[in-house]
Structure formats: C-alpha cells, structure tokens
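Asks: no letters, just coordinates:
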C-alpha cells in the first residue's frame, strides 16, 4: 500500500475536519492563540513560536524523508508548495509586519477566537478583507505575482544534496537556535518577574 | 506543562508536526489556513455583488465549489473546534479584547484590523501563510517555504524595533 491514500471526496473532506481538530488543539495547547506569546519572539521575551514551528518542521520533515525512502509515501503524489521567489520574499516581509501589528497569523487568529478573544475575530475579518483587496488589484499586480517562478523547487534538488544531509543541517541549526533561546529566556526571567510585579502593583 | 498554563512548545510542536505528517499521508497535502479566508470572503462578496465579483479573475478559482466542499475551510472549522477543546480543558475561555499593555481599545481595533488586512493581502501574494507556506513548505524543504519563513521573521524583528510599545 502506498500513501497518500486515494480517498473519495467525502472521506477526504471528513479527514480535513479531523486533521483540523488536531491542528487547532496543538496550536492552542502550545499557546498559539495568545497574541502576547505570538509576538514575544519579535521582542525576545518568549520564543514559543520559533520553538514550536521548527520542532513541527523537523518532526514532519523526518517523517517525510523516512516514509519516502521506505516507499511508503509516494512524494510525486504529494502537493509540493510552489516557489515564486520575489512574491514570497515580499509577501513574507509584509506578512511579518501584519503578524506583529495584529498579534496573530490567519490560523492562530482562529485559535485566538476559540479562547474568546474578540480582537482575533477582528483580525480574521481583516484577513478576509485583505484577500479581497488583493483580488481587486490583481490585474495590476499579476506581473509581479508571477515573477521568480521556480516551479516546485526543493532545497535538496537545488543544492544537489541528499535530503538526509539537509535534514541533518536543519537539526544542527534548530538545535543551536533552541539552545540560544533557552539561555536567553532563562537570563531574561528575573527581569520579566520584576516587570510582572511592577504591572500588578 | 509550562508555568503560563500552556504545554512545552517542543511537545506541542511535535504534536503539530505529526498532524502535518498525517495530512501528507492521508490527504496528499499539508496544512493550510489563509485559503479558507479567501473562500469565505469571496463567497460573501459573490453573494452581495455577483456581477462585480464575476469580473475578478483571481477569485474565480476560489468560487468553483461551495465552502462546505472546500478542504481548507473544513480543516479550519476543525481547527476552531480543536482549539476550543484545548481552551475548555485548560479553563482558559474568557470573552475579551486582548491587547498590549499600552494599547487603547481604539488602537487595538485598528491594529487587529489593519494587521489582519496585511496578513490577508500578503498570504495571497505569497500563495499561503504560516500554515500553508511556512510549515508545509518548510517540512517539504520547498525553497519558497524557507524564503517566506526568513522574510517573515526578519521583517517582524525589524518592525518590532520601530513599534516597541505595541506589545512589550
């Protein structure tokens, strides 16, 4: 048997709901519905976002490498995110600003709303409006939207290295990053406590 | 459990990574979020102004099916339910307008809306958001996913230096 499974439309849509349940549960339990925790990384007070994100990427990437090599998962039938270099660079930068200003990203705003945060609902309305604004101005931006088209380019292909080599590199990079973040957070703790006491008084 | 009432980010991250892996295996695609917003907003606009909406070429591919037949919309509906379950077991539910310490209510409404508009626009330009491009693309070693992650963190750090009093 080789995955991905060939599911009927109905089953695939039901699976979407089930996958979403776990997605939302882990996001919320990781604190990703809390805008203070979400923006903490940008102020170097809480590194929950990069810690959770890179752990998730490492776990999923390890699984993909393993299942692909064991011929359990047919990667040619998995939808690979296409690369459009310049729009993704500019889009990523604008996204970072929107993340900082709103305190959320689209998925985490939904988790924020689930915890009763009305500001998350306002952000969700904004995300919908932003998508519509993009649609209205699309004809003027179509040229830029399509620049830097590199198809479904992946790093192992581009760098001519085995995916295990790249994965090892990401493990080392993330491990070093986690170590630095833990040290930094521990050092910052007395300061945070003092601030909290100050705020409470 | 961390002292703030949440799980360790490594534990929650491992759960999230396994969910992403399961999505690849079961559905042949990763996670997503921003697409659901496009589908819902596009459908609302199409209901209110069908003639004008029909002229928007970009939206047509998001209006081919009903929202209840859209994979990402149903996944995000599940996301809401799953997050609600997490909130309820930890007794964290409270209706409120969450904001930075120095933010007025009016400022918070503007930052939530304005920031949201930037997120919505940016995720259309980048072909997805933190879920669809950063997490999914990151795990696939897709170049675009890593470009997006680096640009997002770099920009967030840079602008945080300008907007110090926003959240800290």
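Replies: Looks like it came in fine. These figures come from a predicted structure and were not determined experimentally. Numbering: from 1, shown residues only, chains lettered A, B, ... in the order given.
Asks: list the residues that contact the most centrally placed residue in chain B.
Replies: For chain B, the residue sitting closest to the mean C-alpha position, by CA atoms, centre = their mean, is residue B:33 at 4.8 Å. Residues near residue B:33 by CB atoms under 8 Å, 6 or more residues apart in numbering or on different chains: A:105-107, A:110, B:72, B:76, B:79, B:129-132. Where you see a C-beta, it was placed from the backbone N, CA and C, and this is true even at glycine.
Asks: in chain A, where is pLDDT below threshold?
Replies: Within chain A, the segments meeting pLDDT under 70 span A:1, A:188-201.
Asks: report the central residue of it.
Replies: Short answer for chain A (CA atoms, centre = their mean): residue A:53, at 6.0 Å.
Asks: phi, psi for that residue please.
Replies: phi -60, psi -50 (degrees, to the nearest 10).
Asks: now do residue A:74
Replies: According to degrees, to the nearest 10, residue A:74 has phi -90, psi 100.
Asks: likewise residue A:54?
Replies: Dihedral angles (degrees, to the nearest 10) for residue A:54: phi -70, psi -30.
Asks: chain neighbours aside, what residue packs nearest to it?
Replies: residue A:174 (4.4 Å; CB to CB, 6 or more residues apart in numbering or on different chains).
Asks: give me the three-state assignment for that neighbour.
Replies: Using DSSP: H, G, I helix; E, B strand; the rest coil, the three-state assignment for residue A:174 comes out as helix.
Asks: give the contact list for it.
Replies: So residue A:174 contacts A:54-55, A:57-58 (CB under 8 Å, 6+ apart).
Asks: mind doing that once more with 10 Å?
Replies: Taking CB atoms under 10 Å, 6 or more residues apart in numbering or on different chains as the criterion, residue A:174 is in contact with A:50-51, A:53-55, A:57-58.
Asks: make TSV out of the contacts of residue B:33 and add distance to residue B:87, secondary structure and neighbour count.
Replies: Output for these, formatted as TSV (distance: CB to CB, whole Å; DSSP: H, G, I helix; E, B strand; the rest coil; neighbours: other CB atoms under 10 Å in any protein chain shown):
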residue	distance to residue B:87	secondary structure	neighbour count
A:105	18	coil	30
A:106	18	helix	34
A:107	15	helix	29
A:110	12	helix	31
B:72	22	helix	25
B:76	16	helix	30
B:79	12	helix	32
B:129	22	coil	32
B:130	20	helix	28
B:131	19	helix	29
B:132	24	helix	25
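Asks: about what we covered before: could you dump the contacts of residue A:174 to JSON lines with distance to residue A:71 and secondary structure?
Replies: What follows is the contacts of residue A:174, written out as JSON lines (distance: CB to CB, whole Å; DSSP: H, G, I helix; E, B strand; the rest coil):
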{"residue": "A:50", "distance to residue A:71": "33", "secondary structure": "helix"}
{"residue": "A:51", "distance to residue A:71": "33", "secondary structure": "helix"}
{"residue": "A:53", "distance to residue A:71": "29", "secondary structure": "helix"}
{"residue": "A:54", "distance to residue A:71": "28", "secondary structure": "helix"}
{"residue": "A:55", "distance to residue A:71": "27", "secondary structure": "helix"}
{"residue": "A:57", "distance to residue A:71": "23", "secondary structure": "helix"}
{"residue": "A:58", "distance to residue A:71": "22", "secondary structure": "helix"}
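Asks: show the buried residues in the residues you listed.
Replies: Buried members of the contacts of residue A:174, counted by 16 or more other CB atoms under 10 Å in any protein chain shown: A:50-51, A:53-55, A:57-58.
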